[in-house]
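# here is my input, please return the structure:
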Amino acid sequence: MPPLSLLIPIGIAVILILALFFTGYVKASPDTAYIISGLRRQPKVLIGKAGVKIPFLEKKDILNLQLIPIDVKTSNAVPTADYININVDAAVNVKISDQPELLRVAAQNFLNQPTAYICAVAREVLEGNMREIVGKMDLQEMVSDRQKFAELVKQNAEPDLASMGLDIVSFNVQNFIDDSGVIENLGVDNIVKIQKTAAIARAESEKEIAKAKAMAQKEANDAQVAAQQEIAIKQNDLAVKQAELKRISDAKKAEADAAYRIQEQEQRRTIEIATSDADIAKQEKEIVIKKREAEVQEEALNASVKKQADAELYRRQKEAEAQKFEMQRAAEAALFAKEQEATGIRRVGEAEAEAIRQKGLAEAEAMEKKAEAYQKYNSAAMGEMLIRVLPDIAQKIAEPMAAIDKVTIIGSGSEGVSSVADGVPAVMAKLFETMRETVGIDLNEIVRAGSYDAKVNRNVAVSGIPESITLNTQTAEKEEETTVEEKDEDESEKER
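Numbers count the residues shown, from 1 in each chain. Presented below is the predicted three-dimensional model:
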């Protein structure tokens, strides 16, 4: 037996070893991962099993493997592939992956982090991927096939979350929301079709019910009439048979007593008359019953037809109201276009009227300048101007004569020919005399004013235009200016 001095150190060593063992013993639950790091090159991971860590030399960290529910919503409206802004709400469950490689990545990112932090990081990634898929799909496709949308978002987001050590357990779309009511309008067509189908089926069912009722009523009436006819035939046969038996009995009795036989015959006749009257009354009653039944059937058929007609009238009224609404909208649009067109025409007219008015003012100003220049003309200038227009005056006077095709002179001598040839000079001389008497301009004096005889013997001098000519010229120019302005105003009023 070893000495006591040797047992004590051994006992102490055993106690220390046991204490270290129990102190370093750890056991992880299935939803928790223990990360033991320190002496090892790669951290040791414990999930749902036990292990030992060396106290003071190794460290134990906890990583939660439970599901993390995340409510993923788009922070603002996202345009779809067909340019409709919508908001998407989805419920997603994620968890830290239990695969060794992904678990080590998750330990690097989320070790000792609260669940709220993991949820926030995953929500940002999921929202970004969800917005990306929304932009690639049409609204109708997303609404009609939510599973496809969820699978696309899940497939798109799994690599991003895997790089963080997270797995997507489930992805469910809760709702699609649009502020413009496009989703609601997508179902209007189906609702109308279902309602139309239901109305048609209801009408067909009511029609079949009415037909069945009418057929059953007809069969009942036919059976009743047949039964009554059979009863009448049986009764008639019975009466005939009874009469025959009665006749035989009466005949036998008549052989014994003729008086009694006559009495029996009278009684039989009375019975037959009463029976006939009863049959007639019964048949008349049956006729009344049949007429009433026919009236009831006719009323039922009329009610069914009227109900169908009312339904058709209501449908046509609604269609007419819809067409009226569309026509009103088209009329309002046409009225607005005509108003815009009228405004444009009015503005163009105002601009053209202003241009015409400015043109008239410019012409009036030019005429006024011309009148001032005329007032400054001397005799030489006036003479030159008048001499220039003399050939034109002579041409205008001779134009009627040039149009004469043939001249016939009756009589002898040369007076007829000379009178025709002297027509133009005579008219011009008359014109010169008229101008001298009316406006005071003597063309002969103006032409001869520069000659020696006029200056020495007669003292003829033309220093300028007479006042009458100046006044007449100014008056004519003012009248012409007034005429131009009135013309401009008339054209502006017409354009308006």
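# elements contacting the regular element (helix or strand) spanning residue 279?
Element membership for residue 279 (DSSP states H and E) is helix 258-376. For helix 258-376, the packing partners by 3 or more C-beta pairs under 8 Å, 6 or more residues apart in numbering; DSSP states H and E come out as helix 188-256, helix 467-495. Backbone N, C-alpha and C define where each C-beta goes, glycine included.
# weakest of the ones you listed in terms of mean pLDDT?
Looking at the helices and strands packed on helix 258-376, the lowest mean pLDDT belongs to helix 467-495 (a mean of 47).
# give me phi/psi at residue 64?
According to degrees, to the nearest 10, the main-chain angles of residue 64 amount to phi -80, psi 130.
# then the one 4 residues further on?
Comment: the main-chain dihedrals of residue 68 come out as phi -120, psi 100, following degrees, to the nearest 10.
# that one touches residue 93, doesn't it?
Yes: look at residue 68 against residue 93 with C-beta atoms under 8 Å: they come within range, at 7.0 Å.
# so for these two, which sits in the more crowded spot?
Set side by side, residue 68 and residue 93 show more neighbours around residue 68, with 19 against 14, by other C-beta atoms under 10 Å.
# and that one, how far from residue 115?
As defined by C-beta to C-beta, to the nearest Å, residue 68 lies at a distance of 6 Å from residue 115.
# and stretch 205-219, what's buried?
The neighbour-count check on stretch 205-219 (16 or more other C-beta atoms under 10 Å) flags residue 210 as buried.
# just the CA trace of stretch 241-259, in PDB.
Taking only C-alpha atoms (Å, rounded to 0.1, in the frame of the first residue of the first chain), the coordinates of stretch 241-259 have been written out as PDB:
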ATOM      1  CA  LYS A 241    -127.100  -2.300 -68.600                       C
ATOM      2  CA  GLN A 242    -129.400  -1.200 -65.900                       C
ATOM      3  CA  ALA A 243    -131.900   0.000 -68.500                       C
ATOM      4  CA  GLU A 244    -131.700  -3.300 -70.200                       C
ATOM      5  CA  LEU A 245    -132.300  -5.200 -67.000                       C
ATOM      6  CA  LYS A 246    -135.000  -2.800 -66.200                       C
ATOM      7  CA  ARG A 247    -136.600  -3.300 -69.600                       C
ATOM      8  CA  ILE A 248    -136.600  -7.100 -69.200                       C
ATOM      9  CA  SER A 249    -138.000  -6.900 -65.800                       C
ATOM     10  CA  ASP A 250    -140.700  -4.400 -66.900                       C
ATOM     11  CA  ALA A 251    -141.500  -6.500 -69.900                       C
ATOM     12  CA  LYS A 252    -142.200  -9.500 -67.700                       C
ATOM     13  CA  LYS A 253    -144.200  -7.400 -65.300                       C
ATOM     14  CA  ALA A 254    -146.100  -5.800 -68.200                       C
ATOM     15  CA  GLU A 255    -147.300  -9.100 -69.300                       C
ATOM     16  CA  ALA A 256    -149.200  -9.300 -66.000                       C
ATOM     17  CA  ASP A 257    -150.300  -5.700 -65.700                       C
ATOM     18  CA  ALA A 258    -150.300  -3.300 -68.600                       C
ATOM     19  CA  ALA A 259    -151.000  -0.300 -66.300                       C
END
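# and it, what's buried?
Judged by neighbour count using 16+ other C-beta under 10 Å, the buried positions of stretch 241-259 are 246, 250, 254.
# now do stretch 223-239
Neighbour counts using 16+ other C-beta under 10 Å place residue 239 of stretch 223-239 among the buried residues.
# what sits up against that stretch?
For stretch 223-239, the surrounding residues in contact (C-beta atoms under 8 Å, 6 or more residues apart in numbering) are 272, 275, 279, 286, 290.
# the second one: neighbouring residues, count only.
The reference is to residue 275. Around residue 275 sit 15 other residues, with neighbours defined as other C-beta under 10 Å.
# residues in contact with it?
residue 239.
# got it, and the fourth one?
For residue 286, the set of contacting residues under the criterion of C-beta under 8 Å, 6+ apart consists of 225, 228.
# any idea how far it lies from residue 300?
With C-beta to C-beta as the criterion, residue 286 and residue 300 are 21 Å apart.
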